[in-house]
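Participant: only geometry, no sequence info:
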């Protein structure tokens with residue numbers, strides 16, 4: 001008798017998160033015999049791109065707090081879970097994970113796997129912090145397995161009492177789908193650097209500090225704009241390229257957004273496709289990622305893959321992706337002055353930048369190549385389901 005396929009359902013709140021962090025691993029699972037379903041707030045374009053290997057079920061969900069979604073979305077997921085009888089429900093992003101963990105437990109799903117990408121509540125204070133910590137704790141309680149994005153984030157989750165040590169682990173040395181090194185190497189970097197710089201009016205001899213991600217306060221974009229202002233006061237040909245969409249849920253300050261919009265040396269690209277991110281990175285001289293909190297830092301792994309020196313913050317996740325003083329430099333979170341000093345230091349030391357870039361690429365090849373990361377996830381899923389299929 002032929003063994004049936006393992007049925008897995010992957011869930012995020014929005015399609016962009018699914019596209020960035022889960023699609024590649026789900027496509028790989030499908031290639032290896034899993035029956036895949038995707039659930040998120042998706043559009044027809046997303047469905048068309050992913051229906052060749054997965055069943056796509058759109059469920060409207062809001063980013064940020066939504067009391068209405070707690071009841072409506074959880075109820076809808078529960079109906080789907082009961083009907084489909086998935087072997088694994090695998091969820092990521094805070095809102096969707098909260099709903100899915102409750103619905104999956106209620107529907108009797110055996111394996112409820114939470115991919116814990118950072119902890120949103122750590123940047124909050126007062127009653128808001130207590131509420132969001134309680135939500136996180138509830139998601140962990142309803143999950144049968146938790147996959148933290150990094151060892152330090154795992155240690156923090158345990159120390160915070162979010163879950164017991166035996167329930168949580170890290171796949172590989174951390175992260176999700178890593179960097180596509182084959183794609184990094186698939187084009188002429190010098191040619192693309194010239195093309196992107198011409199597109200945005202950046203001189204060829206300019207020194208470009210690049211950022212990739214949502215323009216979000218927790219990502220440190222306020223400090224980044226402020227640090228750029230300090231550093232550019234002494235460097236005429238310094239540019240800042242911000243690649244990503246404006247985040248209304250946790251926005252950059254109006255003052256800093258105004259500065260960014262009005263400065264001729266700050267480039268706001270808006271949202272770009274996943275496929276175009278590496279092309280934009282080719283125009284950078286350094287990748288700057290001054291986040292307050294992070295699961296691990298996929299964009300940092302991609303920066304290493306693109307042979308970029310990196311400046312990021314001394315927080316769990318980023319400090320585990322790069323090696324301080326080897327493949328990049330760490331600065332304290334929320335410290336615009338320290339960030340500005342590092343930007344100037346990198347500008348003044350091209351040999352150091354080349355040294356960091358070479359070491360970073362080697363680190364990416366060792367740990368973060370997409371093929372390695374996808375196989376780690378595949379083996380982890382086999383291990384999970386093997387607990388009931390021995």
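Facilitator: The structure has been received and is ready for your questions. Fair warning: this is a prediction, and the values are worked out from it, not measured in the lab. Numbers count the residues shown, from 1 in each chain.

Participant: Spatially nearest residue to residue 164, not counting backbone neighbours?
Facilitator: What sits nearest to residue 164 in space, not counting adjacent residues and going by C-beta to C-beta, 6 or more residues apart in numbering, is residue 158, at 7.7 Å. No exception for glycine: its C-beta is placed from N, CA and C like everyone else's.

Participant: Now the element after the one helix or strand that neighbour maps to, going C-ward?
Facilitator: Assessed by DSSP states H and E, residue 158 sits inside helix 151-159. Heading C-terminal from helix 151-159, the first helix or strand you meet, by DSSP H and E, is strand 168-170.

Participant: on that earlier part again, could you pull up the mean pLDDT of the helix holding residue 158?
Facilitator: Helix 151-159 shows a mean pLDDT of 94.

Participant: For the host helix or strand of residue 97, enumerate the helices and strands it packs against.
Facilitator: Remark: residue 97 resides in helix 94-106, with elements defined by DSSP H and E. If contacts are counted by 3 or more C-beta pairs under 8 Å, 6 or more residues apart in numbering; DSSP states H and E, helix 94-106 sits against strand 7-14, strand 35-41, helix 67-84, strand 88-92, strand 111-116, helix 126-142.

Participant: What angle do strand 111-116 and it make with each other?
Facilitator: Between helix 94-106 and strand 111-116, the angle comes out at 160 degrees (axes from the mean of the first three to the mean of the last three C-alpha atoms, to 10 degrees).

Participant: got the buried residues for helix 94-106?
Facilitator: Residues of helix 94-106 classed as buried by neighbour count (16 or more other C-beta atoms under 10 Å): 94-105.

Participant: where in the stretch 1-150 of the chain is pLDDT low?
Facilitator: Across the stretch 1-150 of the chain, the ranges flagged by pLDDT under 70 are 1-3, 65.

Participant: what about the closest residue to residue 106 other than its chain neighbours, how many residues close to it?
Facilitator: Leaving aside its chain neighbours, residue 106 sits nearest to residue 78 (5.4 Å; criterion: C-beta to C-beta, 6+ apart). Residue 78: 19 surrounding residues under other C-beta atoms under 10 Å.

Participant: Shouldn't residue 329 be within a helix?
Facilitator: No. Applying DSSP: H, G, I helix; E, B strand; the rest coil, one finds residue 329 to be strand, outside a helix.

Participant: list the contacts for it?
Facilitator: Contacts here follow C-beta atoms under 8 Å, 6 or more residues apart in numbering; on that basis residue 329 touches 309-312, 342, 345-346, 356.

Participant: what are the bridge partners for it, then?
Facilitator: residue 311 (DSSP bridges).

Participant: Secondary structure element for residue 341, which one?
Facilitator: helix 336-348.

Participant: quick one on the thing from earlier: between the buried residues of helix 94-106, which is closest to residue 372?
Facilitator: Each of those was checked against residue 372 using C-beta to C-beta; the closest is residue 97, at 25.2 Å.

Participant: returning to that earlier point: and the direction of the helix holding residue 97 versus that of strand 7-14, what angle?
Facilitator: Using the same axes, to 10 degrees: helix 94-106 against strand 7-14 is 150 degrees.

Participant: Which of the three states applies to residue 291?
Facilitator: The three-state label given to residue 291 by three-state DSSP is coil.

Participant: want to throw the contacts of residue 329 into JSON lines with distance to residue 51, pLDDT and neighbour count?
Facilitator: Converted to JSON lines, the contacts of residue 329 look like this (distance: C-beta to C-beta, whole Å; pLDDT from 0 to 100; neighbours: other C-beta atoms under 10 Å):
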{"residue": "309", "distance to residue 51": "40", "pLDDT": "98", "neighbour count": "27"}
{"residue": "310", "distance to residue 51": "36", "pLDDT": "98", "neighbour count": "25"}
{"residue": "311", "distance to residue 51": "40", "pLDDT": "98", "neighbour count": "25"}
{"residue": "312", "distance to residue 51": "36", "pLDDT": "98", "neighbour count": "29"}
{"residue": "342", "distance to residue 51": "45", "pLDDT": "97", "neighbour count": "22"}
{"residue": "345", "distance to residue 51": "49", "pLDDT": "97", "neighbour count": "14"}
{"residue": "346", "distance to residue 51": "44", "pLDDT": "97", "neighbour count": "23"}
{"residue": "356", "distance to residue 51": "42", "pLDDT": "98", "neighbour count": "26"}
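
Participant: check contacts around the most centrally placed residue in the chain.
Facilitator: Geometric centre of the chain, nearest residue: residue 298, 4.9 Å, by C-alpha atoms, centre = their mean. Residue 298 makes contact with 20-21, 175-179, according to C-beta under 8 Å, 6+ apart.

Participant: Nearest to residue 149, out of the helices and strands packed on helix 94-106?
Facilitator: That would be, of the helices and strands packed on helix 94-106 and by C-beta to C-beta, strand 111-116, which comes in at 6.5 Å.

Participant: Pull up the pairing partners for the closest one, direction included.
Facilitator: Using DSSP bridges, strand 111-116 pairs in its sheet with strand 88-92 (parallel), strand 145-148 (parallel).

Participant: could those be laid out in JSON lines, adding distance to residue 270 and mean neighbour count?
Facilitator: As requested, the strands paired with strand 111-116 are exported to JSON lines (distance: least, C-beta to C-beta, whole Å; neighbours: other C-beta atoms under 10 Å):
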{"stretch": "strand 88-92", "distance to residue 270": "24", "mean neighbour count": "27"}
{"stretch": "strand 145-148", "distance to residue 270": "32", "mean neighbour count": "23"}
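
Participant: Distance to residue 332 added to the ones you listed, as JSON lines?
Facilitator: Below are these laid out as JSON lines (distance: least, C-beta to C-beta, whole Å):
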{"stretch": "strand 88-92", "distance to residue 332": "28"}
{"stretch": "strand 145-148", "distance to residue 332": "23"}
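
Participant: Quick one: closest of those to residue 338.
Facilitator: strand 145-148 (27.5 Å).
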